[in-house]
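# Sequence plus predicted model, see below.
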Amino acid sequence: MTFRAVATGAVCALLLGIGIPFSDLVMRGTWVGLTAFPISAFFVFALLATAGNGLLRRLRRQAFTAAELLLVFSMMLVAAGIPSFGMTGLLIPYLAGPSYFATPENRYEALFLRYIPGWAAPKNPDAITWLYEGLPAGETIPWGEWVVPLAAWTALVLAVYVVFFCMSAIIRRPWVDHEKLVFPLVQLPIEMAQQRDDPGGVPFLRNRLMWTFFAVPFAIHTMNGLHSYIPAMPYLNVHFINLNPYLQGRPWDAIVPVFFRLPFSIVGLAFLLPTELSFSLWFFYVFFLGQQLVINGWLGYRTDSVQAYPVREFVAHQMIGGIIVFGLYLLWTMRGHLSEVWRNAFSRTPGTDDSREPLSYRAAMIGLIAGLLFIAGWGAFAGAGFLATLGLFVLFFLVHLVAVRLVCEGGMLYVQHPFRPLNMLLAAAGTQPFAARQISFLVYFDHLLMLDNRSPLMPGVVQGYKMSDFGPLPRRGLTFALAGAILIALFASYWSYLRLMYRHGGLSLHTWFTTYYAHNLYSTWTASLIQHGEKPAPEAMLLVIVGALTMWSVMSMHRMFLWWPFHPIGYVMGASWPMINFWFPVFLGWLAKGLVLRFGGFRIYRMLLPGFLGLIFAEFFSAGLWVVVDFITGVKGYEIFSF
């Protein structure tokens, strides 16, 4: 933990907090703050590990060590998502958008806005109008209108983050030391930072095979990037190949949307996974498509898709049942460790040694309990109800634990649960037990933290703790560094986001952020729930049970029989949005690894591994590079990578 490494990480977090809102809102290109392996974080890290260290050596200064590089990357890993879907990109539009889009016809004011207290959202009509339409000449940004609402919501968000840190500290030892999970997403930065030799004795960044593989996606993305400047340049479509026009008429239209994408990085990540896991990911995607084909196509039953995702409700119900069982199973497998944590925290008898953990187990347990109580108390003060808020967030943290596991074991760039904790509460009890004030805030919690989880924080924390083994880095010092990076990114992104929206006017910026969530999702759904209500859905709960039993069967067979080909992670990913996007490159990665192991053996696999890491390197570096090029030239709307 050197001063220059912490300072570099802090500066990088500041730049990400300021720059990512500009990239998202103004440039409208590749979303560089998304996923558990953000493009922006990796691009800056790659520059430091290559050009940065090369420059330091030329200047006869000490190059960044592996520990310093991994510390800086860890700080960026937790900071990059916050300015985008992780927090600010949703929070500010959610606070002002419903009021701006309220009309006498949609009756937002009468239905739910009157329940939002003045401390929870800006109330000055000019401040809200100017946010979406731009500042009039001579006016200044009304910062004062945002101080109290942002302070209130920041307190809630920081309590959620405290719980994330405490959970991460508790699960680190069983996942990293005992189960030795693969952590596929951090294999590349570890290799680049450490410059370890492969079996042939060639350091990673001087490996010719790696650069050969690197050259293919880099050349394709360079050609496609130049096409956006010079239309005469050829363009190779690896971004989106739509199969829907070929799936017209019954029964095939029941499975749309279906499309090909060829992100080379996903092929590389799938090559790192055990073959049973990568096979299960694409197999269960096809399995759930088969269900849609039979139920919607051949049998003709009409089933709707869930809110915001092209995932059928009966599929989402099964998946959430599997997720709940998997989450409880994860806790059960850690029961011995959790009892040790409890004893360390609240017993006078000596427990396990936690001196090298990110937090003492006593601090972690107290922080976890205090964080949950604060969140529930915040919800009660706002009007959502103590027990309703507590129940919602306990379910959220359970399903989020599964999402983190999918990142750490399965290499998922992100995980989106199409059926969320609030959907479960409504399916079980309907809206009748909840007052209109409660619904207004419960939907706020759901949409802000649980709906679009493509910029998750907790996987970054856990991955940072994993990388601490390779630095090596003191984990408690790392915890403070990560917390500092989060705070820097949070407040920098507040300033950047508000400045951009008031300067340009939110209506002229990327409407996915400024309009889609605040108006199309939150406001419309909240008004509908309050005005029309929602009845309990016993058929949904039945399908949740079916999914839970299926998941239990898959897990049991996976534990008992070596020949069983299905991994539980495949079932809980199912037909979710990540697999709709990435099923084809996962299939290619599985096929490549299977053929290599079958005909070349483990030695050839190890030899090819740097090459497949090179695919990840090339694509993420290319994405970051073209964002920089587009920023310099002023080009808007070019997207090299889509999530």
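Yep, it's here. Residues are numbered from 1 along each chain as shown.

# quick check: mean pLDDT across the helix or strand containing residue 495?
With elements delineated by DSSP states H and E, residue 495 resides in helix 475-504, which encompasses its position. Helix 475-504 comes out with an average pLDDT of 97.

# In terms of secondary structure, what does that helix contact?
Using 3 or more C-beta pairs under 8 Å, 6 or more residues apart in numbering; DSSP states H and E as the contact criterion, the neighbours of helix 475-504 among helices and strands are helix 3-22, helix 66-79, helix 88-100, helix 125-133, helix 144-172, helix 458-467. Glycine gets a C-beta too; all of them are placed from N, C-alpha and C.

# Could you save these as TSV and add columns showing distance to residue 570?
Supplementary listing: the helices and strands packed on helix 475-504 in TSV, determined by distance: least, C-beta to C-beta, whole Å:
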stretch	distance to residue 570
helix 3-22	32
helix 66-79	26
helix 88-100	29
helix 125-133	43
helix 144-172	22
helix 458-467	19
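
# re the thing from before, what's the first helix or strand after the helix holding residue 495?
Past helix 475-504, heading to the C-terminal end, the next element that is a helix or strand (DSSP H and E) is helix 511.

# Low-confidence ranges, the stretch 251-400 of the chain, go.
Per-residue confidence for the stretch 251-400 of the chain (pLDDT under 70) gives these ranges: 350.

# what's the answer for the chain, then?
195-202, 350.

# Can you show me the strands along it?
241-242, 259-260 (DSSP state E).

# Report the strands that pair with the last one, each with its relative direction.
To tie it back to what came earlier, the one meant is strand 259-260. Each strand that strand 259-260 pairs with, and the sense of that pairing, follows from DSSP bridges: strand 241-242 (antiparallel).

# distance between the partner strand and the chain's centre?
24 Å (C-alpha atoms, centre = their mean, to the nearest Å).

# Could you do stretch 383-391 as well?
25 Å.

# give me every residue that touches residue 466.
By C-beta atoms under 8 Å, 6 or more residues apart in numbering, residue 466 lies in contact with 172, 176, 183, 186, 408.

# Please tabulate these in TSV and include distance to residue 271 as additional columns.
As requested, the contacts of residue 466 are arranged in TSV below (distance: C-beta to C-beta, whole Å):
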residue	distance to residue 271
172	26
176	22
183	15
186	16
408	18
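
# which two from the residues you listed end up farthest apart in space?
172 and 186 (13.7 Å; C-beta to C-beta).

# remind me, longest helix of the protein?
Secondary structure assigned by DSSP state H gives helix 601-633 as the longest helix of the chain.

# in it, what's buried?
Applying a neighbour-count criterion of 16 or more other C-beta atoms under 10 Å, the buried positions in helix 601-633 are 607-627, 630-631.

# try stretch 427-447
Burial within stretch 427-447, assessed by neighbour count using 16+ other C-beta under 10 Å, is assigned to 427, 431, 434, 436-447.

# Show me those that map onto helices.
Counting by DSSP H, these contribute 427, 436, 437, 438, 439, 440, 441, 442, 443, 444, 445 to helices.

# my read: residue 33 touches residue 40, true?
Yes: the pair formed by residue 33 and residue 40 meets the contact definition of C-beta atoms under 8 Å, at 6.0 Å.

# between the two, what contacts are shared?
16, 20, 23, 80.

# quick one: which two of these are the most distant?
23 and 80 (10.9 Å).

# Comparing those two, which residue is more hemmed in?
residue 80 (32 against 24; other C-beta atoms under 10 Å).

# list the contacts for the more buried one?
16, 20, 32, 33, 38, 40, 41, 86, 455, 489.

# so what's the first one up against?
The contact partners of residue 16, by C-beta under 8 Å, 6+ apart, come to 33, 40, 41, 44, 76, 79, 80, 83, 489, 492.

# again with the third one
Remark: with contacts taken as C-beta under 8 Å, 6+ apart, residue 32 is in contact with 20, 23, 38, 39, 40, 43, 80, 623, 624, 627.

# can we see that at 10 Å?
Applying C-beta atoms under 10 Å, 6 or more residues apart in numbering, one finds that residue 32 lies in contact with 16, 19-20, 23-24, 38-43, 80, 83-84, 620, 623-624, 627-628, 641.

# can the contacts of residue 466 go into CSV with extra columns for neighbour count?
Conversion of these to CSV gives the following (neighbours: other C-beta atoms under 10 Å):
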residue, neighbour count
172, 23
176, 17
183, 21
186, 24
408, 24
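
# Closest to residue 339 out of the residues you listed?
residue 172 (16.6 Å).

# Pretty sure the closest one sits against residue 358.
Yes: under the contact definition of C-beta atoms under 10 Å, residue 172 touches residue 358, with a separation of 6.3 Å.

# How about the contacts made by the nearest residue to residue 25 once chain neighbours are set aside?
Spatial nearest neighbour of residue 25, excluding adjacent residues (C-beta to C-beta, 6 or more residues apart in numbering): residue 509 at 4.2 Å. If you count contacts by C-beta under 10 Å, 6+ apart, residue 509 has them with 21-22, 24-26, 28, 93, 132, 134, 497, 500-501, 503, 515.

# repeat that for 8 Å
Residue 509 neighbours (C-beta under 8 Å, 6+ apart): 25, 26, 28, 500, 501.

# Which neighbours do residue 23 and residue 80 have in common?
Among the neighbours of residue 23, those also in contact with residue 80 (C-beta under 8 Å, 6+ apart) are 32, 33, 40.

# neighbours around the second one, how many?
Same thing as residue 33. In terms of burial, residue 33 registers 30 neighbours under the definition other C-beta under 10 Å.

# for it, phi and psi?
Here is the backbone geometry of residue 33 (degrees, to the nearest 10): phi -100, psi 0.

# If we ignore the residues flanking it in sequence, what's nearest it?
Leaving aside its sequence neighbours, residue 33 sits nearest to residue 84 (C-beta to C-beta, 6+ apart; 3.3 Å).

# again, but for the last one
Closest residue to residue 40 apart from its sequence neighbours, by C-beta to C-beta, 6+ apart: residue 32 at 3.9 Å.

# where's that neighbour relative to residue 208, distance?
Plainly put, residue 32 is 29 Å away from residue 208 if you go by C-beta to C-beta, to the nearest Å.

# cool, and residue 65?
Taking C-beta to C-beta as the measure, residue 65 falls 25 Å from residue 208.

# Neighbour count for those two, which is higher?
Counting neighbours by other C-beta under 10 Å for residue 65 and for residue 208 shows that residue 65 has the greater number, 15 against 10.

# I'd assumed residue 462 was in contact with residue 404.
Yes: with contacts counted by C-beta under 8 Å, residue 404 reaches residue 462, the gap being 5.8 Å.
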